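Chemist: kindly generate the corresponding structure for this input.
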Amino acid sequence: MTQKDAGAIRVVSADGVWLDDAHKPRRLVVDSIYHRAINLQDEQGELFTFAARALDDAPRTARLDVHDFTTWPIHPGQYLNMTRGQTLGEQLPMLDWSAARRRPRRIPAVAQASSEVLERAASVLCRALEQRPLGGAAKPSPGDTSIAAHFARSMYQAADALHLAVINRDSARLQQAFDAAIGLGPGSTPSLDDFLTGILLVASHSDSSMHFMVDQLRGYLRRHPAKTTSVSRAMLTAALNADFSTTLVRVANALVSSGAENETDFWINAALGIGHSSGSDILTGLLAGLEMEQELRGYLCLSQQW
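Modeler: Take a look at the predicted model:
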């Protein structure tokens, strides 16, 4: 396939970081390739993503009018030189940015909800997550010494450590909890990183009682950039700036709104469809965030489903 006979691929929508500099020459290296997404890094280590049209609008992402990327002749480590925002490289199609829709930036409104609303939202999430344990791993029995049990135990201990550090506003313990949690789990976005992203759906808002953890986590990621994957680090960095995919904002806001129950269920199911277990891990983090927010406001929360 050559640029000449492939034709230009339409960019459906894109984040501002793509559109504002669409005509700026860029040298990008392929970080990772998936069926419906390609992650790229620039020379400063910033991550950018091409996504297939069926995927969500998300931070630093351009959605292309393609079903998938299986026929694209690229590989991790390959350099791509974007010229005038169009040409990617030899044997790759050109991109047409002319009608690209700018991704709207929506902020989760969870932290502004009353404690009564947060309690109701937590109950809805508890029911939705009843058969979906953190990382897809149920809490192991005390006598289970298998590798799977060790991994599951590490995840739940890390989640507990985060909970205790946050509700006690203990900076030292919070750093230790980040050490235990960040990067824990398989995949491009490890389970505990997804869990933290869910917490940040609440904590990233300046009105949140947990907002103090934002600068703590931002500093930790700057000091330990190799603690997790490049994709996960980009996800967490965006979440610290209250920048999330459309689906995550919609599910968070639906949970605390007075909208129809079927709309809330729709967005919960959409979020649960993210990745292998990423969606349920993010929602489990959101549940933890809802309950910790209430605890810091003086309410006792007992579900501890996570």
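Chemist: and the helix or strand hosting residue 175, what does it pack against?
Modeler: Per DSSP states H and E, residue 175 falls inside helix 171-181. Applying 3 or more CB pairs under 8 Å, 6 or more residues apart in numbering; DSSP states H and E, we find helix 171-181 packed against helix 147-167, helix 191-203, helix 212-223. No exception for glycine: its C-beta is placed from N, CA and C like everyone else's.
Chemist: how far off helix 147-167 does it point, in degrees?
Modeler: Angle between the axes of helix 171-181 and helix 147-167 is 160 degrees (criterion: axes from the mean of the first three to the mean of the last three CA atoms, to 10 degrees).
Chemist: alpha carbons of helix 171-181, as PDB, please.
Modeler: What follows is helix 171-181, C-alpha atoms only, in PDB (Å, rounded to 0.1, in the frame of the first residue of the first chain):
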ATOM      1  CA  SER A 171       1.700  12.000  53.000                       C
ATOM      2  CA  ALA A 172       4.500   9.500  54.000                       C
ATOM      3  CA  ARG A 173       2.100   6.600  53.900                       C
ATOM      4  CA  LEU A 174       0.600   7.800  50.700                       C
ATOM      5  CA  GLN A 175       4.100   7.700  49.000                       C
ATOM      6  CA  GLN A 176       4.500   4.100  50.300                       C
ATOM      7  CA  ALA A 177       1.100   3.300  49.000                       C
ATOM      8  CA  PHE A 178       2.000   4.600  45.500                       C
ATOM      9  CA  ASP A 179       5.100   2.500  45.700                       C
ATOM     10  CA  ALA A 180       3.000  -0.600  46.300                       C
ATOM     11  CA  ALA A 181       0.200   0.200  43.800                       C
END
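Chemist: and for that helix, what's in contact with it?
Modeler: Contacts to helix 171-181, defined as CB atoms under 8 Å, 6 or more residues apart in numbering, come from residues 154, 157-159, 161-162, 164-166, 192-193, 195-196, 213, 216-217, 220.
Chemist: can you pull the buried residues of stretch 13-21?
Modeler: Burial within stretch 13-21, assessed by neighbour count using 16 or more other CB atoms under 10 Å, is assigned to 13-15, 17-19.
Chemist: what's the closest of the residues you listed to residue 40?
Modeler: Nearest to residue 40 among the buried residues of stretch 13-21 is residue 18, at 10.8 Å by CB to CB.
Chemist: right, and the closest one touches residue 49 too?
Modeler: No. Counting by CB atoms under 8 Å, residue 18 stays clear of residue 49, with 9.3 Å between them.
Chemist: now for these two: what residues contact both?
Modeler: Contacts common to residue 18 and residue 49, judged by CB under 8 Å, 6+ apart, are 60-62.
Chemist: turn those into JSON lines, including pLDDT.
Modeler: Putting the shared contacts of residue 18 and residue 49 into JSON lines (pLDDT from 0 to 100) gives the following:
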{"residue": "60", "pLDDT": "95"}
{"residue": "61", "pLDDT": "97"}
{"residue": "62", "pLDDT": "95"}
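Chemist: now, which of those lie within strands?
Modeler: 61-62 (DSSP state E).
Chemist: run a quick neighbour tally on residue 103.
Modeler: 24 (other CB atoms under 10 Å).
Chemist: now residue 71, what's its secondary structure?
Modeler: Under DSSP: H, G, I helix; E, B strand; the rest coil, residue 71 falls in the coil class.
Chemist: out of the helices and strands packed on helix 171-181, deepest packed?
Modeler: Using mean count of other CB atoms under 10 Å, the stretch among the helices and strands packed on helix 171-181 with the largest mean neighbour count is helix 191-203, at a mean of 29.
Chemist: what packs against that one?
Modeler: Secondary-structure packing of helix 191-203 (3+ CB pairs under 8 Å, 6+ apart): helix 147-167, helix 171-181, helix 212-223, helix 230-240, helix 246-255, helix 278-296.
Chemist: which stretch among those comes nearest residue 125?
Modeler: Closest among those, using CB to CB: helix 278-296, at 4.4 Å.
Chemist: using CSV, write down the CA coordinates of that closest one.
Modeler: Extracted as CSV, the C-alpha positions of helix 278-296 are listed here (Å, rounded to 0.1, in the frame of the first residue of the first chain):
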residue,chain,number,x,y,z
SER,A,278,-9.5,-2.0,32.9
GLY,A,279,-13.1,-0.8,32.9
SER,A,280,-14.2,-2.7,36.0
ASP,A,281,-10.9,-1.8,37.7
ILE,A,282,-11.5,1.9,37.0
LEU,A,283,-15.1,1.7,38.2
THR,A,284,-13.8,-0.1,41.3
GLY,A,285,-11.5,2.8,41.9
LEU,A,286,-14.4,5.2,41.4
LEU,A,287,-16.4,3.2,44.0
ALA,A,288,-13.4,3.6,46.4
GLY,A,289,-13.2,7.3,45.6
LEU,A,290,-16.9,7.8,46.3
GLU,A,291,-16.6,6.0,49.7
MET,A,292,-13.3,7.8,50.7
GLU,A,293,-14.9,11.1,49.8
GLN,A,294,-17.7,10.4,52.2
GLU,A,295,-15.4,9.2,54.9
LEU,A,296,-13.4,12.4,54.7
